[in-house]
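>>> task: produce atomic coordinates for the following.
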Amino acid sequence: MTEAAWLREELFPYLEQGYCLFSFNFTEVESIDSSGIGILLALQKKAKALGGGISIHGIQEEVRARFEFFSLSQDKDTNN
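Below you'll find the model as predicted:
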């Protein structure tokens, strides 16, 4: 199982339970691929539909460009 698939299996059941606010600390994340970003984007979309969103903090420089390209930026609360 890939890390992205594992992440989806771990997080998406919380949406089904009614959770809609998610916060991520990326201070120790050195890289992320398109699958991981896709999971975060899908989570963001579903959380917003429930009236919530995601917050991502501590993005390292190498990861920041990918996040900005996909409209997920450092220390941004995406539920606004």
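>>> mind saving the C-alpha coords of stretch 25-38 as PDB?
Extracted as PDB, the C-alpha positions of stretch 25-38 are listed here (Å, rounded to 0.1, in the frame of the first residue of the first chain):
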ATOM      1  CA  ASN A  25       2.200  20.000  10.700                       C
ATOM      2  CA  PHE A  26       4.600  19.500   7.800                       C
ATOM      3  CA  THR A  27       7.800  20.500   9.600                       C
ATOM      4  CA  GLU A  28       9.300  17.000   9.100                       C
ATOM      5  CA  VAL A  29       7.900  16.400   5.600                       C
ATOM      6  CA  GLU A  30      10.800  16.700   3.100                       C
ATOM      7  CA  SER A  31       8.900  15.800  -0.100                       C
ATOM      8  CA  ILE A  32       5.400  15.100  -1.400                       C
ATOM      9  CA  ASP A  33       4.300  13.600  -4.700                       C
ATOM     10  CA  SER A  34       1.300  14.300  -6.800                       C
ATOM     11  CA  SER A  35      -0.600  11.500  -5.100                       C
ATOM     12  CA  GLY A  36      -0.100  13.000  -1.700                       C
ATOM     13  CA  ILE A  37      -1.200  16.400  -2.900                       C
ATOM     14  CA  GLY A  38      -4.200  14.800  -4.600                       C
END
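>>> quick check: which ranges of this protein have low pLDDT?
72-80 (pLDDT under 70).
>>> need phi/psi at the closest residue to residue 23 other than its chain neighbours.
Nearest non-adjacent residue to residue 23, counting by C-beta to C-beta, 6 or more residues apart in numbering: residue 55, 4.4 Å away. Heads up, the C-betas are built off the backbone N, CA and C, glycines and all. Reported as degrees, to the nearest 10, the phi and psi values for residue 55 are phi -120, psi 140.
>>> now the strands for this protein?
Assigned by DSSP state E, the strands in the chain fall at 21-25, 53-57, 76-77.
>>> was I right about the residue nearest to residue 23 contacting residue 26?
No - Residue 55 lies out of contact with residue 26 (C-beta atoms under 8 Å); the separation is 10.6 Å.
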